[in-house]
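A.B. asks: all I have is the shape, not the residue letters:
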């Protein structure tokens, strides 16, 4: 059998010991990878140079150490294709594997069932940020705008920020606008409501199973209302609402977004997972950030 076009592996080592690998190859426009999709893809999607992440493995003792992400990034760093696709079993590890890929910037575009007796797999796609800053055509013509920002703002700042968020909505085609939010009290909820009021849609990221209960009681009704309006939800798979879970949720949010709005005073985060950390992560992975903050305002 001839080798796949553009096939290349990356092997991960711990010292001199191999602990995992990743393999990818180039997809052709008429590749059966595309033909197996259960839903039609937008015109032109398959014409974009694409690399498929076909295989990946990491030995158990090294899982959760960040090696898998480093192997993934090393593999893509040497690819010239503009977008990356992969297949994942949405039930794997109770959804944690799919959530991991979402946190790396992948989005669901369709489904496949490569074998009659096999599971239905989720087909995912992301831009290769090494070579492209353009959102993949395969996910259509929507504009996906995420939000991060400080909670507990004084009333006078709140009014200014709400006006700034409304101005952002006014610059976008709301029919194709999707707001991405964790819908916490403050800018998260304000942005989600502004998008809905303008006729757009929202997707909600849930950092942890206990996230809602740890928000202020007075916000629960608003949270529930926004949650019920969500067209999709994304989970980290974590239980406790810790700063690590909040950062993990924010990384999923960044990965789902074409641009992130940051209601940020420009100062360092007061704790891990704060607004400054989210901005730094977005900049590190190549997602544009628009900072919104009233002139002269302080927290």
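C.D. replies: Nice, thanks for sending it over. Nothing here was measured: the structure is a model prediction, and the numbers come from that model.
A.B. asks: can you tell me which residue is spatially central in the chain?
C.D. replies: residue 255 (2.4 Å; C-alpha atoms, centre = their mean).
A.B. asks: now it. Nearest residue, chain neighbours left out?
C.D. replies: Take residue 255 and drop its neighbours on the chain: the residue closest to it by C-beta to C-beta, 6 or more residues apart in numbering is residue 105, 3.7 Å away. In this view, the C-beta of every residue, glycine as well, is placed from N, C-alpha and C.
A.B. asks: residues touching that neighbour, list them.
C.D. replies: 126-127, 129, 254-256, 285, 287 (C-beta atoms under 8 Å, 6 or more residues apart in numbering).
A.B. asks: try 7 Å
C.D. replies: By C-beta atoms under 7 Å, 6 or more residues apart in numbering, residue 105 lies in contact with 126, 255, 285.
A.B. asks: for the first one, phi and psi?
C.D. replies: As for residue 126, its main-chain torsions (degrees, to the nearest 10) stand at phi -150, psi 160.
A.B. asks: ok now stretch 288-299, how far from the chain's centre?
C.D. replies: Centre-to-centre, stretch 288-299 and its host chain are 23 Å apart (C-alpha atoms, centre = their mean, to the nearest Å).
A.B. asks: cool, and stretch 38-55?
C.D. replies: Relative to the chain's own centre, stretch 38-55 is displaced by 18 Å; criterion: C-alpha atoms, centre = their mean.
A.B. asks: please list the residues outside that stretch that contact it.
C.D. replies: Outside stretch 38-55, the residues that touch it by C-beta under 7 Å, 6+ apart are 6, 22-27, 29, 33-34, 79, 81-86, 109-112, 136-138, 140.
A.B. asks: let's verify residue 101: helix, strand, or coil?
C.D. replies: helix (DSSP: H, G, I helix; E, B strand; the rest coil).
A.B. asks: for it, give me its contacts.
C.D. replies: Shown in contact with residue 101 (C-beta under 7 Å, 6+ apart): 86, 88, 124.
A.B. asks: closest to residue 245 out of the residues you listed?
C.D. replies: When the contacts of residue 101 are compared for distance to residue 245 (C-beta to C-beta), residue 88 wins out at 21.2 Å.
A.B. asks: burial count for that closest one?
C.D. replies: Neighbours of residue 88 under the rule other C-beta atoms under 10 Å: 20.
A.B. asks: who are the neighbours in contact with it?
C.D. replies: Counting by C-beta under 7 Å, 6+ apart, residue 88 makes contact with 97-98, 101, 121-122, 124.
A.B. asks: who does it bridge with?
C.D. replies: Using DSSP bridges, the beta-bridge partners of residue 88 come out as residue 122.
A.B. asks: tell me how far it lies from residue 73.
C.D. replies: Using C-beta to C-beta, to the nearest Å, residue 88 is found at 17 Å from residue 73.
A.B. asks: so, low pLDDT: which residues of the stretch 101-250 of the chain?
C.D. replies: Applying pLDDT under 70 to the stretch 101-250 of the chain flags residues 129-141, 174-175.
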